[in-house]
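>>> Sharing a model prediction with you, sequence too.
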Amino acid sequence: MKAYIEGKAQQLGPEFAPWFDARNTAIVSIDLHRGHLEDSLDCPCPAPRARAIVSAVDAFHAAARELGVPVIHVRSVLRKGGVDDVNGLKAAWRLVFPLHVGEIRNMDEHAIEGTRWTEFVTHVDEKDLIVQTKKRLSAFFPTDLDFLLRNLGTKSVVLDGCLADCCVLNTAFDASNLGYNVTVPQDLVRGTNEAMEKGALAIIAAHLGIVTDSASILDAWSSRNAPAIAQAASA
């Protein structure tokens, strides 16, 4: 099993084997919805670089399901009227993010329940699980994700989605602090820009878990569970 240390692939030792036991692993897919991915001028929180990973994420999830790894889709949903954010305690990102990416004219509509902005862009299978009370930057806050993972018997999580330097990074911190083994496939996350994405992955690799790629994860899972399935997924 390889991991990327300072951007270079290195082989991991046997002490990392628990990270890749498919029997107690879950995928947490973060915020791959229209509110980030729709290619329109009124997209309330654009993450255009993440559009490129949708098909790869879908393929990875399909292979994981075949191996029995649960897929959990997490999305932000805020109550109508803005009490959770813009008309309550406004999240800091709403003030600082535009300083970096420019004006976001429809920002107040981001994640409002009942709008199209909360609709997933990635495929959601009927057996998948959904967590949709995320209201800030971590998939754990304030949601029942930890409760769900512990009921599934989860010890390791694989994080994909966007943004690598924001919600994926925040989720990685919380998952690590809660005692989960954290793995992030670098080909299935995207950040605000390339520099911030690389910085976030470097922080994860140095302090929180393993940064690798989806093919390596499937290979590791299949070697311990069902080799034929992983070969089919990577074909």
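That came through, no problem.

>>> From the rest of the structure, what touches the one helix or strand F97 maps to?
Assessed by DSSP states H and E, F97 sits inside helix 93-101. Outside helix 93-101, the residues that touch it by Cβ atoms under 8 Å, 6 or more residues apart in numbering are 45-46, 85-86, 104, 107, 137, 166, 192. In this view, the C-beta of every residue, glycine as well, is placed from N, C-alpha and C.

>>> Show me which residues of it are buried.
Neighbour-count burial for helix 93-101 flags 93, 97 (criterion: 16 or more other Cβ atoms under 10 Å).

>>> cool, stretch 64-81 as well?
Counting neighbours by 16+ other Cβ under 10 Å, one finds that the buried residues in stretch 64-81 are 64-67, 69-78.

>>> So which of the residues you listed belong to helices?
Under the assignment DSSP state H, these contribute 64-66 to helices.

>>> Would you format the residues you listed as JSON lines with pLDDT included?
Formatted as JSON lines, the entries for these read as follows, by pLDDT from 0 to 100:
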{"residue": "A64", "pLDDT": "98"}
{"residue": "R65", "pLDDT": "98"}
{"residue": "E66", "pLDDT": "96"}
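
>>> residue ranges for the helices of the chain, please.
Remark: helices assigned in the chain by DSSP H are 34-37, 54-66, 93-101, 145-151, 167-177, 194-203, 214-224, 227-234.

>>> deepest of those, which one?
Looking across the helices of the chain with neighbours counted as mean count of other Cβ atoms under 10 Å, the highest average goes to helix 34-37: a mean of 24.

>>> now that one: mean pLDDT?
The average of the pLDDT scores along helix 34-37 is 96.

>>> Identify the residues contacting that helix?
Applying Cβ under 8 Å, 6+ apart, the set of residues contacting helix 34-37 from outside is 43-47, 50-51, 54, 76, 109-111, 116-121, 162-163.

>>> Which among the residues you listed count as buried?
In these, the ones that pass as buried (16+ other Cβ under 10 Å) are 43-47, 50-51, 76, 109-111, 117-118, 120-121, 162-163.

>>> I'd like the list of these that fall within strands, please.
With strands identified by DSSP state E, the entries of these that belong to them are 76, 162.

>>> Which residues are in contact with G199?
Contacts for G199 (Cβ under 8 Å, 6+ apart) come out as D165.

>>> Read off the pLDDT value for it.
Per-residue pLDDT puts G199 at 97.
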